[in-house]
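Asker: the amino acid sequence is not available; the structure is as follows:
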């Protein structure tokens, strides 16, 4: 049977327990929603002793299905003050699954906040807390180098940089990547790095399993194996034709720069003049000369959307440079140079910051006149302030909303204190509706919907329904598999439910799989409501209603009242 | 008939209108509650164009009743995000009343936030907007000096310092004092100075009335005159025996240092070792050598609780040094020198900051180790940061809650983002209950209750009722008269209602006067609820429940659930 580890950082007790019936059949985001509901006071201080930090894998982790070994990280968010599940590739999920560990719960908080620990899980799945004071304020790239030196290379590392140690509300948790070992994969959004910092866990180091855990199927293992083979094949074939695999998410620039969704100069709604400098073609030029594409961020991935970017000397800069990072540090800050953007991505991964909220914060700084548009040196200066922990650096570390409030600036592109990602709600009204109404704050992954700018084709009610439907589906996806591999499962619900029943037993009923979305959603909404979220918090900032996006020649038009009706 | 002035700062229109029936019989806090309810969207941005800044006088202003010419300032608070009425002595209320102006409403907001204006009301009551750019970032002492030079000394000045211009959420509005002309009287709490700053009004200058306005009584003028004479006499006689008149509010130190209510080192609950150095006796020594007591802050005041403090060379330092300022900058920051505290009071009046929230913020800085306990030079350094607008200075300018959050400090003595004043809720459980449940944030003036530390004498339900009763009465007081002159009216409700009917006509029914409290309260609560306040926001910070006050040897004990029941 799968195991759970429970690490109490108040009294330093460690308990290994069976992954029990209460949570059986759940994984990833759904498992986090359930555990938070059962064990965490929704009103608790996200950085206090009552919050819990959860690491877990999806429902099909460790079973040979490609892209199914993502790691979900969860807890009450210090950024949104609600539920947060942030999932990430890299090696951690695989290492956990191979040890038969489904879930790690870190609870409590050391009274002595000056201490710092590593949670090491050895090759037999035994957890150990080890002193990590020597790594205090060491950022992720140097940290992982030191930990590989200390523990050997057969480990996965899940760590925080100085941002998490300082408990910045926009701190990420970084995972080492498959192949390279670089800490470039981020459970980025919602400030869970700060929760890890409050627990004073610098890193979770997981050793390669001495013996690979073998799941006892409650249904028919052969059925699962056959269907898995077919789905793996479909995922690989779909990927072959997909720009996401061929180029990576950077390919999205081509569309969003055309259709007005790409944020430009703090979501000004203007068109970006130099879009071609950061588009697919420019990206492929860069990758060809100085890097690599089609990189698999997690072991066994058949989609391979990731990439490696080197400098002109061939020295590694960053990995996993994604569209949202390009959009937020690029056009949103009036920057049109991919190599520069890659450096910003590297800085965020190193310090342990979400690139989206940081890029959005920088954009607000420029809009408010703190630094000049496109001033790369000044942006690097802001990173220095964040690292040093100057007063302004601490504010920046708390993200876009905190920065905008500090500057008394009115144009702050956030929902529930979390920055919008690379999609302007005026051009993607469905994604905008998701930003305003989902359980995660402004998060495109919670219900991404493309091209809903035309009001005649997509009337308000239609957009609202599209968003809600997408939000439910994404609740399923985040419990199961990487977003870029989800389509074949979603399209063949009969196959999906048979696979589910093979692993967990019982009948292959569609309702069981749909419940992964609907139940998750219900629990998350209830948690957020109890935490203090209100219908009127479902809102898009006023300036999107007043200032037109010039590409679509329109403002955001989903009425505030309609947004408030979600989740009541 | 009384007039209202309506100044629109979006289009610079000025309208003079009759003080109409909708508001007749209302004044001060009650009038503000009514106007906010009628005209301001509770969800609006307090620093945005939809908020309004209201200056008004009480129901008996200009009618010869002593202490009845206070100025009430109101709007949606940028600190608490709820209703805010902050009242102040000085000359402004009298100058308005003598011109027959009951209310000044400043609405809208200039698109060009770089402009700055003076609202000048001439001797005939005619309003004019005048360019004030030459006074940008000039603080109140220098500003008032320049304005007296420019407009002569027959004016009252109501102004903001650099804090208000910077829209710090803890900015005050200062009024010039009777006799001295110094800007030492503050409408201090709730950040209304920032609202004035957002409207870009640097000062309201009111000239002495060419002809004094004469009220047309709707009841019997002679009855009012006779009762007024009697009440004035009672107020003067009560004052003669009162420590508030003889010493000033500084006299409160003697009691609160004994009974544990005085905050010491960020509400640590410890006893202050050097209380005698800042008590009545020390204060009278200082005043006798270097100052003056029994000063009337508003014309015609018979209580005369105010004072003037000079330095050893006889040069004026500050006026109106109050207990709360002494408590928060004194023991709460481990400072035991009255002359030093007087300088801090001066700095706050000059920059335009609430002394309570600023002193509380400094206390948090010391508790969190940013500066040392009692380090006066470092405190003066913090004022410099506030004036310069450094990042930390801007955070300090936003008050105690913002400072504590920035420092990630857990011991923040606030309710609804507003700092507690000079009364520890563990020693004054009734005042603590008021902090948590009133409509104004942690504000002792909203329902001050002395000595409720003994649980056996004051069980929970008793304390809760005392607080609610006091909150209603203070709603009446803030519509009528200075708190130090209210007792005779409250004690003789029959006289009170006859005076009311003499001025406003109709029957002398007690319900009409009681409604000044209950109606005000109902409107304020409804506004705050619509603005987003929730029952669970009625709370006292956790550390007061966990850490004992050593003088009373007890924690705060009014259950969170009981606090939440208020106002539902």
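Answerer: Everything's here; your move. Keep in mind the model is a prediction, meaning the values are calculated, not measured. Numbers count the residues shown, from 1 in each chain, chains lettered A, B, ... in the order given.

Asker: what's the distance between residue A:330 and chain B?
Answerer: Going from residue A:330 to chain B by C-beta to the nearest C-beta, to the nearest Å gives 27 Å. Yep, even glycine has a C-beta here, placed from its N, CA and C like the rest.

Asker: residue A:372 belongs to a helix, doesn't it?
Answerer: No: Residue A:372 sits outside any helix when classified using DSSP: H, G, I helix; E, B strand; the rest coil, being coil.

Asker: next, count neighbours for it.
Answerer: 12 (other C-beta atoms under 10 Å in any protein chain shown).

Asker: sticking with the residue lying closest to residue A:504 once chain neighbours are set aside, tell me its helix or strand.
Answerer: The spatially closest residue to residue A:504, leaving aside those adjacent along the chain, is residue A:25, at 4.7 Å (C-beta to C-beta, 6 or more residues apart in numbering or on different chains). Residue A:25 is part of no helix or strand when elements are defined by DSSP states H and E.

Asker: and the one 10 residues further on, by the same measure?
Answerer: For residue A:35, the enclosing helix or strand under DSSP H and E is helix A:28-39.

Asker: for that helix, name the packing helices and strands.
Answerer: Under the contact definition 3 or more C-beta pairs under 8 Å, 6 or more residues apart in numbering or on different chains; DSSP states H and E, helix A:28-39 sits against strand A:53-57, strand A:71-76, strand A:83-88, strand A:101-107, helix A:510-531.

Asker: which stretch among these comes nearest residue B:310?
Answerer: Between residue B:310 and those, the tightest spacing by C-beta to C-beta is seen for helix A:510-531, at 53.5 Å.

Asker: now the next helix-or-strand element following the closest one: how far from the chain's centre is it?
Answerer: Per DSSP H and E, the first helix or strand lying C-terminal to helix A:510-531 is helix A:543-546. In terms of C-alpha atoms, centre = their mean, to the nearest Å, the centre of helix A:543-546 is found 27 Å from the chain centre.

Asker: how about helix A:543-546: buried residues?
Answerer: A:543-545 (16 or more other C-beta atoms under 10 Å in any protein chain shown).

Asker: now swap in stretch A:372-382 and tell me
Answerer: Under the neighbour-count criterion of 16+ other C-beta under 10 Å, stretch A:372-382 has A:374-376, A:378-379, A:382 buried.

Asker: what of stretch A:297-304?
Answerer: Buried positions in stretch A:297-304, judged by neighbour count with 16+ other C-beta under 10 Å: A:297-299, A:301-304.

Asker: those into JSON lines, with extra columns for pLDDT?
Answerer: Shown next, in JSON lines, are the buried residues of stretch A:297-304 (pLDDT from 0 to 100):
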{"residue": "A:297", "pLDDT": "96"}
{"residue": "A:298", "pLDDT": "96"}
{"residue": "A:299", "pLDDT": "95"}
{"residue": "A:301", "pLDDT": "96"}
{"residue": "A:302", "pLDDT": "95"}
{"residue": "A:303", "pLDDT": "95"}
{"residue": "A:304", "pLDDT": "95"}
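
Asker: can I get those residues in a markdown table including distance to chain B and secondary structure?
Answerer: Shown next, in a markdown table, are the buried residues of stretch A:297-304 (distance: C-beta to the nearest C-beta, whole Å; DSSP: H, G, I helix; E, B strand; the rest coil):
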| residue | distance to chain B | secondary structure |
| --- | --- | --- |
| A:297 | 33 | coil |
| A:298 | 34 | coil |
| A:299 | 38 | coil |
| A:301 | 38 | coil |
| A:302 | 43 | coil |
| A:303 | 40 | coil |
| A:304 | 40 | coil |
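
Asker: show the average pLDDT along the helix or strand in which residue A:94 is found.
Answerer: Assigned by DSSP H and E, residue A:94 falls within helix A:92-98. Averaged across helix A:92-98, pLDDT comes to 98.

Asker: pull the contacting residues for the closest residue to residue A:171 other than its chain neighbours.
Answerer: Nearest residue to residue A:171, sequence neighbours excluded (C-beta to C-beta, 6+ apart): residue A:193, at 2.9 Å. Going by C-beta atoms under 8 Å, 6 or more residues apart in numbering or on different chains, residue A:193 touches A:160-161, A:163-164, A:168, A:171-173, A:352-353.

Asker: 7 Å instead, please
Answerer: A:160, A:163-164, A:171-173, A:352 (C-beta atoms under 7 Å, 6 or more residues apart in numbering or on different chains).

Asker: what do you get for residue A:145?
Answerer: If you count contacts by C-beta under 7 Å, 6+ apart, then residue A:145 has nothing around it.

Asker: burial count for the residue in the stretch 401-550 of chain A that chain B sits nearest to?
Answerer: Residue of the stretch 401-550 of chain A nearest chain B, by C-beta to the nearest C-beta: residue A:408 (5.4 Å). Other residues within reach of residue A:408, judged by other C-beta under 10 Å, total 19.

Asker: pretty sure it is touching residue B:168, no?
Answerer: No: assessed by C-beta atoms under 7 Å, residue A:408 is found out of contact with residue B:168, at 9.2 Å.

Asker: run through the residues of the stretch 401-550 of chain A sitting next to chain B.
Answerer: By C-beta under 7 Å from any C-beta of the partner chain, the residues of the stretch 401-550 of chain A that approach chain B are A:406, A:408, A:532, A:534, A:536.

Asker: got a winner among these for most neighbours?
Answerer: Most surrounded of these: other C-beta under 10 Å gives residue A:406, at 25 neighbours.

Asker: tell me the confidence at the nearest residue to that residue once chain neighbours are set aside?
Answerer: Nearest non-adjacent residue to residue A:406, counting by C-beta to C-beta, 6+ apart: residue A:395, 4.8 Å away. In this model, residue A:395 is scored at 97, pLDDT.

Asker: need phi/psi at residue A:395.
Answerer: phi -70, psi -50 (degrees, to the nearest 10).

Asker: same deal with residue A:251?
Answerer: phi -60, psi -20.

Asker: quick one, what contacts it?
Answerer: By C-beta under 7 Å, 6+ apart, the residues touching residue A:251 are A:243-244, A:280.

Asker: if we go to 8 Å?
Answerer: Residue A:251 neighbours (C-beta under 8 Å, 6+ apart): A:243-244, A:280, A:283, A:323.

Asker: may I see the ChimeraX selection of the buried members of the residues you listed?
Answerer: Command for ChimeraX that selects the buried part of these, burial taken from 16+ other C-beta under 10 Å:
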select /A:244,280,283,323
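
Asker: ok so, going back, save the residues of the stretch 401-550 of chain A next to chain B as JSON lines, and put in pLDDT too.
Answerer: Formatted as JSON lines, these follow (pLDDT from 0 to 100):
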{"residue": "A:406", "pLDDT": "94"}
{"residue": "A:408", "pLDDT": "90"}
{"residue": "A:532", "pLDDT": "92"}
{"residue": "A:534", "pLDDT": "92"}
{"residue": "A:536", "pLDDT": "90"}
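
Asker: quick one: the helix or strand of chain A with the lowest mean pLDDT to chain centroid distance?
Answerer: In chain A, the helix or strand scored least confidently by mean pLDDT, DSSP states H and E is helix A:243-246, which has a mean of 90. Distance, stretch centre to chain centre, for helix A:243-246: 20 Å (C-alpha atoms, centre = their mean).

Asker: same question for stretch A:405-413.
Answerer: 24 Å.

Asker: contacting residues around it?
Answerer: So stretch A:405-413 is contacted by A:263, A:266-267, A:360, A:363-365, A:367-368, A:370, A:392, A:395, A:400-401, A:404, A:419-420, A:442, A:541-544, B:45, B:47-48, B:167, B:391, B:394-395 (C-beta under 8 Å, 6+ apart).
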